[in-house]
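Participant: Quick one: sequence plus predicted model below, questions after.
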Amino acid sequence: MRSMLAVVAIVVLETVAYVGDVLQPGTPFPTWELTDHTGAKVSSHTLAGKTYLLWFYPKAMTPGCTAEGDALRDQFAAFQARGVEILGVSFDTPSDNATFVRQQGFPFRLLSDTDRSLATSVGAASDPSQPVARRISYLVGPDGKVVKVYAQVTPATHAQEVLADVSAATSQSTPARP
């Protein structure tokens, strides 16, 4: 009886990809294509085989979003050293995001989800009429699956939190040397 309950629990957990509309670790991240602040298309297909952080932010050039972006910018070299690409996502236009990139000196791309299609599919918006994105981030692995969900983000410390998780995952997957 106990093993049958375990099997049922595993099946239920594998079929439920969302909890409160937020993707869970181990589930495939949806395919997507968005326009970056330069007007170039960026997609999950172009990032296949790479680890990337998608950080959804409410509005370009607002205090919390600036603090979060600045912290990610300041740790950009550490993310690069660990093979993690950073991508910001908001409902802002590419032009607004371009201004944000210039003003803050961001070395990473900011993506525009103006129709809110990606945001609604991953819990960063409850519906397409939501005026701003929810502050949430996803670390996506090279296999296209969610590695970690950051549903509660503190803008000033988010970069360090993600780096600590990436470092811990890297050290766990690296075999010890004799």
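Facilitator: Looks like it arrived, so ask away.

Participant: With only the CA atoms kept, save the longest helix seen in the chain in CSV.
Facilitator: Longest helix in the chain, counting residues (DSSP state H): helix 158-173. Output of helix 158-173 as CSV, limited to C-alpha atoms (Å, rounded to 0.1, in the frame of the first residue of the first chain):
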residue,chain,number,x,y,z
HIS,A,158,18.5,38.9,-5.9
ALA,A,159,21.8,38.8,-7.9
GLN,A,160,23.7,37.3,-4.9
GLU,A,161,20.9,34.8,-4.2
VAL,A,162,21.0,33.5,-7.8
LEU,A,163,24.8,33.4,-7.9
ALA,A,164,24.9,31.4,-4.6
ASP,A,165,22.4,28.9,-6.1
VAL,A,166,24.4,28.6,-9.4
SER,A,167,27.6,28.2,-7.4
ALA,A,168,26.1,25.5,-5.2
ALA,A,169,24.7,23.6,-8.3
THR,A,170,28.0,23.8,-10.0
SER,A,171,30.0,22.5,-7.0
GLN,A,172,27.5,19.6,-6.6
SER,A,173,27.9,18.6,-10.3
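
Participant: What segments of this protein are strands?
Facilitator: Along the chain, the segments classed as strands by DSSP state E run 18-19, 22-23, 33-36, 41-43, 51-56, 84-90, 109-112, 136-140, 146-150.

Participant: and those as JSON lines, adding mean neighbour count?
Facilitator: Every residue, glycine included, has its C-beta placed from N, CA and C. Below are those laid out as JSON lines (neighbours: other Cβ atoms under 10 Å):
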{"stretch": "strand 18-19", "mean neighbour count": "12"}
{"stretch": "strand 22-23", "mean neighbour count": "20"}
{"stretch": "strand 33-36", "mean neighbour count": "18"}
{"stretch": "strand 41-43", "mean neighbour count": "14"}
{"stretch": "strand 51-56", "mean neighbour count": "24"}
{"stretch": "strand 84-90", "mean neighbour count": "23"}
{"stretch": "strand 109-112", "mean neighbour count": "24"}
{"stretch": "strand 136-140", "mean neighbour count": "23"}
{"stretch": "strand 146-150", "mean neighbour count": "19"}
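
Participant: how about JSON lines for those strands, with distance to residue 63 and mean pLDDT added?
Facilitator: Formatted as JSON lines, these follow (distance: least, Cβ to Cβ, whole Å; pLDDT from 0 to 100):
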{"stretch": "strand 18-19", "distance to residue 63": "30", "mean pLDDT": "36"}
{"stretch": "strand 22-23", "distance to residue 63": "25", "mean pLDDT": "92"}
{"stretch": "strand 33-36", "distance to residue 63": "23", "mean pLDDT": "98"}
{"stretch": "strand 41-43", "distance to residue 63": "26", "mean pLDDT": "97"}
{"stretch": "strand 51-56", "distance to residue 63": "16", "mean pLDDT": "98"}
{"stretch": "strand 84-90", "distance to residue 63": "14", "mean pLDDT": "98"}
{"stretch": "strand 109-112", "distance to residue 63": "17", "mean pLDDT": "98"}
{"stretch": "strand 136-140", "distance to residue 63": "18", "mean pLDDT": "97"}
{"stretch": "strand 146-150", "distance to residue 63": "19", "mean pLDDT": "96"}
